[in-house]
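Student: below is the sequence, then the predicted model.
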Amino acid sequence: MSMRALFRGLTAAAAAAGAVALGLGLTGPPAQAATPLPYVALGDSYSAGSGILPLDPTASLLCARSTADYPHVIADRIGARLTDVTCGGAETKDFASAQYPGVAPQLDALGDSTGLVTLTIGGNDSDTFIDAILACGSAGVVTAGQGAPCRALYGDSFDHTIDSTTYPAVRTALQQVRAKAPGARVAVLGYPWILPATAAPGCFAKMPIAAGDVPYLRDLQTHLNAAVRRAAADTGATFVDLAAASEGHDACAPASTRWIEPVLFGTNFVPVHPNATGERQMAERTLSVLGED
């Protein structure tokens, strides 16, 4: 199942709950600056806070954008004027073309006056990373959590796709951002850890990944983040590394400490995505890297 199909089903099921919560958006202190910084948030579900209520009333329900996403947290902290066009399921191609009917290309939000841009992107490209998690989950169930069936089935095919397709696509997307907003500071976030380095006791009940495939997927995420970091370096963007900060806060961690919700027994209506704590922590790390903490 592709990430787009997953989002269509999950967001439709959550529409009624979201409608009730639409009026409960975050409120922060008024901006102190006479001219608030024009800030544009781009990116996929990790930027949009997909799965966290309340939903953003200005966004398509298909995007599952939350008013608790990290762009809102950043804007509230620094008193910026936020234009949030993040959308769950977004790929790099959705920067320059409409992702859904009525959802404009994300690059349309940028302009010469844009001062700050943040984004996470690349995880949905070529259905590589999310598809790997779904495929490994299915294989793990079949083997009751034993062995490394996903690694045996797919080998290094996902890694090859990241190098040949995802990396150049992210680099091109960042070049497009730079061309549309030449004066902006651009911060590209890596993806926080979804799984621990090795299988943890009780993890399979929440994340049905075979024990041998846990390090396999962790290495795949390391590779994806490295590709995003390289694309950022190529285009003069700032890379926000979340590896150290998110260690021990993966989907297998206890509910009180995890930043990512698991496939089973989680709290988000979109699984394997950051919860509200995770989005706040992504904002804090970004502000620290940008020197705004």
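Tutor: In hand now; what should we look at? Residues are numbered from 1 along each chain as shown.

Student: hang on, isn't G49 packed against V73?
Tutor: No - counting by C-beta atoms under 8 Å, G49 sits too far from V73 to count as a contact (9.2 Å). To be clear about C-beta, it is placed using only N, CA and C from the backbone, and glycine gets the same treatment.

Student: between the two, tell me which one has more neighbours.
Tutor: Between G49 and V73, G49 has the larger neighbour count (other C-beta atoms under 10 Å), namely 33 against 23.

Student: would you check how far apart that one and I162 are?
Tutor: From G49 across to I162, the span is 24 Å (C-beta to C-beta, to the nearest Å).

Student: for the residue nearest to T222 when sequence neighbours are not counted, give me its contacts.
Tutor: Residue nearest to T222 in three dimensions, not counting chain neighbours: A243, with 7.8 Å by C-beta to C-beta, 6 or more residues apart in numbering. Neighbouring residues of A243 by C-beta atoms under 8 Å, 6 or more residues apart in numbering: G190, W193, T222, N225.

Student: at 10 Å what do you get?
Tutor: A243 makes contact with G190, Y191, P192, W193, Q221, T222, N225, R229 under the criterion C-beta atoms under 10 Å, 6 or more residues apart in numbering.

Student: equivalent analysis for A226, please.
Tutor: With contacts defined as C-beta under 10 Å, 6+ apart, A226 is in contact with I162, D163, Y167, G190, F239.

Student: how many other residues sit next to the third one?
Tutor: Close neighbours of Y167, defined as other C-beta under 10 Å, add up to 22.

Student: and it, what element?
Tutor: Under the criterion of DSSP states H and E, Y167 resides in helix 167-180.

Student: in that helix, what's buried?
Tutor: Across helix 167-180, burial judged by 16 or more other C-beta atoms under 10 Å covers Y167, A169, V170, R171, T172, A173, L174, Q176, V177, R178, K180.

Student: and what of stretch 62-82?
Tutor: 62-78, 80-82.

Student: all strands of the stretch 101-250 of the chain, in order?
Tutor: If DSSP state E, counting those that start in this stretch is used as the criterion, the strands of the stretch 101-250 of the chain fall at 116-119, 185-189, 238-240.

Student: just to revisit the earlier point, which neighbours do G49 and V73 have in common?
Tutor: In contact with both G49 and V73: T67, A276, E279, R280, M282, using C-beta under 10 Å, 6+ apart.

Student: in helices, which of these fall?
Tutor: Judged by DSSP state H, helices contain the following of the shared contacts of G49 and V73: A276, E279, R280, M282.

Student: of those residues, which is the nearest to D213?
Tutor: The shortest approach to D213 among the ones in helices among the shared contacts of G49 and V73 belongs to M282, at 25.6 Å (C-beta to C-beta).

Student: count of neighbours near V103?
Tutor: Neighbour tally, V103, other C-beta under 10 Å: 16.

Student: now do the same contact list for the residue lying closest to it once chain neighbours are set aside.
Tutor: In space, and not counting its chain neighbours, V103 is closest to S60: 5.2 Å by C-beta to C-beta, 6+ apart. For S60, the contacting residues are T11, C87, G88, Q99, Y100, P101, G102, V103, by C-beta under 10 Å, 6+ apart.
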